[in-house]
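*Asks:* Any chance you could fold what I've pasted below:
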Amino acid sequence: MNVYLPIAEMSMNGWLLVSMGAAVGFLSGLFGVGGGFIITPLLIFLGIPPAVAVGTGSAQIVASSMSGAVAQYRRDNVDVKMGLVLIAGGLVGTVIGVQVVRILRRLGQFDLVVSLAYVTFLGAVGTVMLLESMRSIQKVKAGGAALKRRAHAHSWLDGLPFKMRFRRSKLYTSAVPPMTIGAFVGFLAAIMGIGGGFIIVPALIYLLRMPTNIVVGTSLFQLVFVTAATTVLQSATNQTVDLPLAFFLVAGGVIGAQLGAAAGVRLKGEQLRFWLAALVLLVCFRVGYDLVAMPAELYSITPLVGGLE
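*Replies:* Numbering: from 1, shown residues only. Okay, here's the model as predicted:
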């Protein structure tokens with residue numbers, strides 16, 4: 001069943017798109033990530049223009065995140081107050097990021113920036129998460145407990161203003177760090193077509209010391225609103241959202257997210273972090289390989305878009 005994608009200007013197999021959406025939705029519900037760091041590279045590997053992959057990937061993340069967030073909310077794994085703070089920062093970052101995308105496309109450097117951003121952020125975050133999760137797993141196997149924040153432990157974050165009490169996460173901390181994290185992730189959502197869960201999850205765990213199960217649900221909750229705003233802005237500003245492509249990805253993503261949320265209950269926090277880190281690094285290596293590998297076609301002729309200014 002081939003489907004024509006008007007914005008991407010190509011045809012693709014509809015069942016393949018549904019399967020991709022289901023796989024990414026499963027990972028979304030399992031790890032608390034939107035899955036954009038997987039779906040966007042996959043679409044690019046299949047020949048979808050990077051700008052369309054980024055814009056449409058955001059639309060798919062909305063559906064898979066919503067499905068996963070509902071499942072996590074029913075398990076009481078969502079800190080709504082923390083999620084609202086993340087959303088406030090994320091909307092600001094998204095507006096800035098969409099404008100940066102417009103400028104980079106005009107300069108003809110968007111494809112390169114996307115690839116470099118994936119290698120840089122996925123490599124750094126994945127390495128840190130992998131090392132920490134391996135230490136936690138080894139400690140548990142040795143008879144100890146997974147790494148936890150000591151009671152009454154303090155850090156430089158405790159000296160920041162605008163303190164708020166997040167009862168579900170059992171935290172009393174400044175709203176500045178989560179709002180900053182949200183703004184950064186909103187910016188990356190526009191640039192890279194990701195929900196930013198692979199950054200939010202470790203940031204909330206390691207910086208704010210939120211419980212892993214609460215982080216997963218809260219991450220999905222904020223992803224719904226930030227990626228929805230990103231999708232609307234990308235469509236209105238850059239016209240890079242392919243609705244037929246998004247529809248097939250979403251159809252699979254909604255189902256996969258429910259299955260992933262159910263599977264995540266069976267894994268411990270340190271195990272979730274380990275497998276998420278491994279997945280992040282795998283995508284990083286694949287994108288990095290494409291940057292240095294010899295292309296199949298050394299030359300291509302494409303029309304000049306935008307003209308000269």
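
*Asks:* ok, which stretches of the protein are strands?
*Replies:* Assigned by DSSP state E, the strands in the chain fall at 2-5, 10-13, 163-166, 171-174.

*Asks:* Report the strands that pair with the second one, each with its relative direction.
*Replies:* What that stands for is strand 10-13. strand 2-5 (antiparallel) (DSSP bridges).

*Asks:* Could you do the last one as well?
*Replies:* The pairing partners recorded for strand 171-174 under DSSP bridges are strand 163-166 (antiparallel).

*Asks:* mind listing what's buried in the partner strand?
*Replies:* Phe166 (16 or more other C-beta atoms under 10 Å). All C-beta spots, glycine's among them, are computed from the backbone N, C-alpha and C.

*Asks:* what is the rounded mean pLDDT of it?
*Replies:* Within the predicted structure, the mean pLDDT of strand 163-166 is 82.

*Asks:* And the contacts of that strand?
*Replies:* Contact with strand 163-166 is made by 79, 81-82, 85, 171-175, as judged by C-beta atoms under 8 Å, 6 or more residues apart in numbering.

*Asks:* can you list the strands of the chain in a markdown table and add distance to Met66?
*Replies:* Converted to a markdown table, those look like this (distance: least, C-beta to C-beta, whole Å):
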| stretch | distance to Met66 |
| --- | --- |
| strand 2-5 | 23 |
| strand 10-13 | 24 |
| strand 163-166 | 22 |
| strand 171-174 | 25 |
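
*Asks:* how about those strands, which one is nearest Val283?
*Replies:* strand 10-13 (20.5 Å; C-beta to C-beta).

*Asks:* Report pLDDT for the closest residue in space to Cys284 that isn't next to it in sequence.
*Replies:* What sits nearest to Cys284 in space, not counting adjacent residues and going by C-beta to C-beta, 6 or more residues apart in numbering, is Leu122, at 3.8 Å. On the pLDDT scale, Leu122 is placed at 76.

*Asks:* Now do Leu122 against Gly182, distance only.
*Replies:* 19 Å (C-beta to C-beta, to the nearest Å).

*Asks:* So which bits of the longest helix along the chain are buried?
*Replies:* Ranked by number of residues, the top helix in the chain under DSSP state H is helix 110-141. Neighbour-count burial for helix 110-141, counted by 16+ other C-beta under 10 Å, picks out 110, 113-115, 118-119, 121-123, 125-126, 129-130, 132-133, 136-137.

*Asks:* hang on, the earlier thing: CSV for the contacts of strand 163-166, including distance to Leu233, pLDDT and neighbour count?
*Replies:* Listed next are these as CSV, based on distance: C-beta to C-beta, whole Å; pLDDT from 0 to 100; neighbours: other C-beta atoms under 10 Å:
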residue, distance to Leu233, pLDDT, neighbour count
Asp79, 26, 88, 26
Lys81, 25, 88, 18
Met82, 24, 86, 28
Val85, 21, 90, 22
Leu171, 31, 80, 21
Tyr172, 34, 82, 11
Thr173, 30, 78, 22
Ser174, 28, 81, 17
Ala175, 24, 81, 20
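
*Asks:* could these be laid out in a markdown table, adding distance to Thr56?
*Replies:* Listed next are those as a markdown table, based on distance: C-beta to C-beta, whole Å:
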| residue | distance to Thr56 |
| --- | --- |
| Asp79 | 30 |
| Lys81 | 31 |
| Met82 | 29 |
| Val85 | 28 |
| Leu171 | 36 |
| Tyr172 | 40 |
| Thr173 | 36 |
| Ser174 | 36 |
| Ala175 | 33 |
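
*Asks:* Which elements pack onto the longest helix of the chain?
*Replies:* helix 36-45, helix 50-74, helix 80-107, helix 176-192, helix 197-206, helix 269-292 (3 or more C-beta pairs under 8 Å, 6 or more residues apart in numbering; DSSP states H and E).

*Asks:* do that again at 6 Å, thanks
*Replies:* Based on contacts counted as 3 or more C-beta pairs under 6 Å, 6 or more residues apart in numbering; DSSP states H and E, the elements that helix 110-141 packs against are helix 50-74, helix 197-206, helix 269-292.

*Asks:* right, and these - which one's nearest Leu43?
*Replies:* Here helix 50-74 is closest among the helices and strands packed on helix 110-141 (C-beta to C-beta), at 3.8 Å.
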